[in-house]
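K.L.:
below is the sequence, then the predicted model.
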Amino acid sequence: MFMSPETALLTGIFAPLVVALLTPFLAVRNNWRDVAGPIGGVITFIAALHVANDVLAGGTPSWTAAEIAPGIELGFSVTALGAIFGLVASGLWVLAAIYSVGYMRGNHEKHQTRFAAFYAVAVHAAMAIAWSGNLLVLFIFYEILTFSTFPLVAHKESKAARDAGRLYLSILVGTSVVLLLPAVIYVWVMTGRLDFIPGGILAGTISPEVAPWLLAAFAFGVGKAAIMPLHRWLPAAMVAPTPVSALLHAVAVVKAGVFTLLMVAVYIFGIDYLADTGASVWLVWATCFTILASSCVAITKDDLKARLAYSTISQLSYVVLGAAIATKMAAEGAAVHIVMHAVGKITLFFVAGAIYVQAHITKISQLDGQGPEMKLVFAAFFIGAFSIIGIPPAGGSWSKFMLMVGAADAGMVMVLIVLGISSLMNIYYLLDPVARAFFKPKVKEVKITWHPLTVWPPVATAVLCIALFFFADPIVGLAQAMVTG
Amino acid sequence: MIDPVSIITDSWNYLIVICLMMGGLFIVISQNNLVKKLVGLAIFQTSVFLFYITVGKMAGGTAPILLDSADVAYSNPLPHVLILTAIVVGVATTALGLALVLRIHAAFGSIEDDEVLTIKAEAALPRVTRAASETDSEARS
Amino acid sequence: MSLAAIIANLPALVVVVPLLLAPVAALIPVSGAAWVIAVIGTGGALISAWLLQGAVTGGVSFSYHLGSWPPPWGIEFVVDAASALTVLIMAALSFVATLFARRALPAEINERDAGKAYSAWLLASGGLAGLVMTGDAFNLFVFLEISALSSIILIALGAGTDRRALVAAYNYLIIGAVGATFYVIGVGFIYAVTGTLNMADLAERIPQVQQDTVIIVGFGFMVAGILVKAAVFPVHIWLPAAYAFAPSAVSAMLAAIATKAALYILARILFTVFAGVPDVTALALEWVLVPLAIAGIFTGTILAIYENDIKKLLAFSSVAQIGYIALAFGIASSAGIAAGFIHIGNHAIIKGGMFLAVGGYFLALRSRVSLSAMTGLGRRMPITTTGFLICGLSLIGLPLTAGFISKLYLVRALIAEDMILVMILVLVSSALSVAYLWKIVEILWQRPEGDDVPLHGDETPALYLPLWILAIANLWLGVAPAPLVDAANRAAMHLVGGIS
């Protein structure tokens, strides 16, 4: 299909919303409703490809609706980083939608229509964040993302789900209202603009004394980036069905968080401004702490999803660290890591869900010896883990490499050590489940049912992990376009 | 500086206003009986009327009715007009207040503020509607 | 009357049409017919207000001389950017609440009282409009009392459902009368030293007065009296009970517009009448209004979180929102005052909508709407609940709703004036308000423990259409806020001049 960049832009953003609005009507037939998601995902992904192509060629697809505040328009405009995130969100939605059908049916979950509808709204919000035209539009859809994912987190309607939902809202809304919103408005009042310009818009208007505080307001205001101590919502949200965890932890919510921070670092503050003023040095330390601390916690977790949650917190801080180091290579590494981690982590979560649906196992200790009967699934986990650890031939090795080079560029030896230790910890806690599954005797006899729709998506994303190792050029190209502007 | 004697000799009218005003306000706040509160309110409002009228009186001025001779000082008629308006408002307020007290008495059986507050039940006053029978008994459950 | 005569008398018509129709409604024993009179009255006021707002958009302000007596001897109605905007908001909400009252009011009051109820309704409408339009300080008191007394009658009508309405009405009467009398005392002082009652004339004469203490005392009494009517902390105590026990339609109308009129008067007193003595007003703003506003914001929000009766919850929420508006006026910059007017408009449609939804619930449940009784109502009354939810999300300031625009402009005004601590407090309270809204949302969508409480009839369009008018207005003004924002900016510019 050939689309003009503007059409692709609008399609990419509004196709998920259309799917969401149609879902209640399509629900007369379960099959119709369940096929709408993947079809919508394919359309959205094709649109995202068009948009990314245009950006690689030097274009900036944009569309504006109305003026929502003096000088600020409600509209969309694609930056290089936005193109990257758009590809991630839409591409993985296709697979997540297929997977969620398999999971929800396999688990006989209730309220699948409501689930599918809000799922699509969340993707819509993520696409709108990816391609937002200015910081205010980004904030608007950031909030919409929070509220549209709430019904997904509290889906099971048990007391644990309700409590998790409340914690989710409290942290995310609390941080965004008290810290992120004033930071955005402060930038607006001081500079008179909120649009994303390569090289940043703060140079010359925000003094170097204020800059670290402003950055702190952004860093802690974006609760979705789960920088410690604002990370608690993430493990709590594991109470949701696994397709939600896969969506939250790979596609929509957390990536929206780190995407926002990277956008702010590159297009609002500007890499050079950050380096010159040293405003982000404290953030380097905060993210290093988060990386190590969450990895330590991950090691102690026996629940598979909890371990993956803390691994996610750690990996998110990789992206923020890349932004904080404030060198070109580090920022590129951060952008590439958004993609690599997304694909790797979604694989791991898909597998966790597949294990639950097929064998009803949630604890790692119970995985002992189950490997030979779920070979495909564990193979996918193995590859996904490689990507997270950063070992070739998995795509994650590229982003880790770029982050390390970026840290070396800035002379931050401590960061290199932290990244190294973190990789070692990753090796332990991510390969441990696979090792136990194949090298230990069984502790539990389980009957394993075969649910293909929960198995093929993780296999597909695992293949994608490897493919991204060999075909990383487009992503790296977009990341380079981001820093050179 | 403030000279206590001159306050009494020169500003005795204002002193009376202040005494009435504070007295009325005190009654409103301190009395439990709802009717007494209204009395206090009326005293409070009356003090304000006095205030306006006393301000309007000119030293050596006569009643503000137009006379033929030229060199006459008149007291200001405007405050009188304002006060007539305010009196009317005060009357309406007092009347409404008393009507409410009557209804409170009918509904609660008491017009003491503290007693009324402790009566928690929500019983409705009897309602007369078009379809009185069924809806009423349903609503009263 | 010829069309030209009607247009020439528009400023008066906004007030006079409802007032004249009030005695007519009182004589009609049938609720349906009395309702029609009320619709004509409020509708006529709305049309007049709309035309007036159109007239001032060009930057024109004019005054209407009642009885053709020129000011400052006669009483004038002032039509400028600020008053036209406020009176339009009030007329619009009056009208929507009147539409809702068609089904809602007869369900809660005696049939034979319907005519008198609508009469009081029209008096309240007209009185509040007059309060906003008038340019004479004492005439303001008259309209203040007209609207107060008629509001008291309307609140007391709630006794048909809950006799505590009588006590609430009585308390409002006492506190309101004391407040109004304070205002009159203040006017008395000011009149004694300036000799005029016309607001524009006062603005010129007050700076020339030598006796500063009299000006300060008079100003203090006037502001204190208006603060009582505006329900600013700590004299807000009459509001929760009054809104909680009044009939639903009455709560909706009063919550939307009654306190807003008083807040508008506050702005007028601060920025028009006493504009010439900024050192006096600045003292009041910085040390009285802003701290009280913040106290009101937190008191209202925290008490709302712990409240179980939903109308009282919304009333406490109103106290908090009034605090935001008072704070916005307290900032006293053009941006702050504009933010105040924006929130006057937005809160009217937010709170009006929420009370209309609660009215719908009440009429379905036929019992007091405590939160426990509302369990699971969201599934059984989806149309009403969705409208309620839209207004609720607007209340907490979700982007793309009107409430977000208010928050945006308020925070912007605070940052521009370097009031960072106040801004943090405002945002913390805004985050806290999510707690009480979410409490309601969770309960609405929960599954009830036992059997469902029986509903009296399904959702009727007569009850949810007015709600949806306001809900859609919330969404519209959230995405395309320009009309309200521009009008508010013009109003602010008129009051203090210059955009910061």
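P.N.:
Looks like it came in fine.
K.L.:
what sits against residue C:338?
P.N.:
Taking Cβ atoms under 8 Å, 6 or more residues apart in numbering or on different chains as the criterion, residue C:338 is in contact with C:409, C:413, C:485, C:488-489, C:491-492, C:499. Quick note: C-beta positions are derived from backbone N, CA and C, even for glycine.
K.L.:
how far does the helix or strand containing it sit from the chain's center?
P.N.:
Under the criterion of DSSP states H and E, residue C:338 resides in helix C:334-365. The chain centre lies 8 Å from the centre of helix C:334-365; the measure is Cα atoms, centre = their mean, to the nearest Å.
K.L.:
what's the answer for stretch A:38-48, then?
P.N.:
18 Å.
K.L.:
next: stretch A:293-303.
P.N.:
20 Å.
K.L.:
which other residues reach that stretch?
P.N.:
Contacts for stretch A:293-303 (Cβ under 8 Å, 6+ apart): A:228, A:231, A:238, A:307, A:310-311, A:313-314, A:317, A:362-365, A:422, A:425-426, A:428-429.
K.L.:
and that stretch, what's buried?
P.N.:
By neighbour count with 16 or more other Cβ atoms under 10 Å in any protein chain shown, stretch A:293-303 contains the buried residues A:293-295, A:297-298, A:301.
K.L.:
export the residues you listed to a markdown table and tack on pLDDT and secondary structure?
P.N.:
Shown next, in a markdown table, are the buried residues of stretch A:293-303 (pLDDT from 0 to 100; DSSP: H, G, I helix; E, B strand; the rest coil):
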| residue | pLDDT | secondary structure |
| --- | --- | --- |
| A:293 | 93 | helix |
| A:294 | 93 | helix |
| A:295 | 93 | helix |
| A:297 | 93 | helix |
| A:298 | 92 | helix |
| A:301 | 89 | coil |
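K.L.:
before we move on, the earlier item: can I get the buried part of the contacts of residue C:338 as one PyMOL selection?
P.N.:
Per 16+ other Cβ under 10 Å, the buried members of those correspond to this PyMOL selection:
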select buried, chain C and resi 409+413+485+488+489+491+492
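K.L.:
show me the contacts of residue C:338 that map onto helices.
P.N.:
C:409, C:413, C:485, C:488-489, C:491-492 (DSSP state H).
K.L.:
who's in contact with residue C:196?
P.N.:
So residue C:196 contacts C:72, C:202, C:205 (Cβ under 8 Å, 6+ apart).
K.L.:
quick one: which of these is nearest to chain A?
P.N.:
residue C:202 (33.9 Å; Cβ to the nearest Cβ).
K.L.:
can I assume the closest one is in contact with residue C:189?
P.N.:
No: using Cβ atoms under 8 Å, residue C:202 is not in contact with residue C:189; the gap is 11.8 Å.
K.L.:
pick out whichever of those two has more residues nearby.
P.N.:
residue C:202 (26 against 23; other Cβ atoms under 10 Å in any protein chain shown).
K.L.:
so what's that one closest to, chain neighbours aside?
P.N.:
residue C:273 (5.0 Å; Cβ to Cβ, 6 or more residues apart in numbering or on different chains).
K.L.:
just give me the neighbour total for the one you found.
P.N.:
Around residue C:273 there are 22 residues (other Cβ under 10 Å).
K.L.:
burial measure for whichever residue of the stretch 101-250 of chain C sits closest to chain B, as a count.
P.N.:
Per Cβ to the nearest Cβ, residue C:163 is where the stretch 101-250 of chain C lies closest to chain B, at 4.1 Å. Close neighbours of residue C:163, defined as other Cβ under 10 Å, add up to 24.
K.L.:
for it, give its distance to residue B:117.
P.N.:
13 Å (Cβ to Cβ, to the nearest Å).
K.L.:
low-confidence regions, chain C specifically.
P.N.:
Low-confidence segments of chain C (pLDDT under 70): C:1, C:368-369, C:447-453, C:457-458, C:497-500.
K.L.:
need the residues of it near chain B, please.
P.N.:
Taking Cβ under 8 Å from any Cβ of the partner chain as the criterion, chain C approaches chain B at residues C:106, C:109-112, C:138, C:141-142, C:145, C:149, C:152-153, C:156, C:159-164, C:166-167, C:169-170, C:173-174, C:177-178, C:180-181, C:184-185, C:188, C:191-192, C:197, C:366, C:368, C:456.
K.L.:
which of those residues count as buried?
P.N.:
C:106, C:109-111, C:138, C:141-142, C:145, C:149, C:152-153, C:156, C:159-164, C:166-167, C:169-170, C:173-174, C:177-178, C:180-181, C:184-185, C:188, C:191-192, C:197, C:366.
K.L.:
ok, the residue nearest to residue C:202 to chain A distance?
P.N.:
Remark: distance between residue C:273 and chain A (Cβ to the nearest Cβ, to the nearest Å) = 30 Å.
K.L.:
can you report phi and psi for that residue?
P.N.:
Dihedral angles of residue C:273 (phi, psi; degrees, to the nearest 10) stand at phi -70, psi -50.
K.L.:
looking at it, it is touching residue C:199, isn't it?
P.N.:
Yes: under the criterion of Cβ under 8 Å, residue C:273 makes contact with residue C:199 at 5.2 Å.
K.L.:
so for those two, which residues contact both of them?
P.N.:
residue C:137.
K.L.:
check the gap between the residue nearest to residue C:202 and chain B for me.
P.N.:
17 Å.
K.L.:
how about that residue, what does it touch?
P.N.:
Here residue C:273 is in contact with C:137, C:199, C:202-203, C:206 (Cβ under 8 Å, 6+ apart).
K.L.:
for chain B, what helix or strand is lowest in average pLDDT?
P.N.:
helix B:132-139 (a mean of 42; mean pLDDT, DSSP states H and E).
K.L.:
can you give me the strands for the stretch 1-150 of chain A?
P.N.:
A:62-69, A:72-77 (DSSP state E, counting those that start in this stretch).
K.L.:
can you list contacts of the last one?
P.N.:
To tie it back to what came earlier, the one meant is strand A:72-77. Contacts for strand A:72-77 (Cβ under 8 Å, 6+ apart): A:9, A:13, A:60-68, A:128, A:131-134, A:136-137, A:140, A:188, A:193-196, C:479.
K.L.:
7 Å instead, please
P.N.:
By Cβ atoms under 7 Å, 6 or more residues apart in numbering or on different chains, the residues outside strand A:72-77 that reach it are A:9, A:13, A:60, A:62-68, A:131-134, A:136-137, A:194, C:479.
K.L.:
quick check: ChimeraX command selecting the buried ones in those.
P.N.:
Here is the ChimeraX command that selects the buried residues among the contacts of strand A:72-77 (16+ other Cβ under 10 Å):
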select /A:9,13,60,63,68,131,132,133,134,136,137,194 /C:479
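K.L.:
returning to what we had before: in the contacts of residue C:273, which residue is surrounded by the most others?
P.N.:
When neighbours are taken as other Cβ under 10 Å, the top entry among the contacts of residue C:273 is residue C:202 (26 neighbours).
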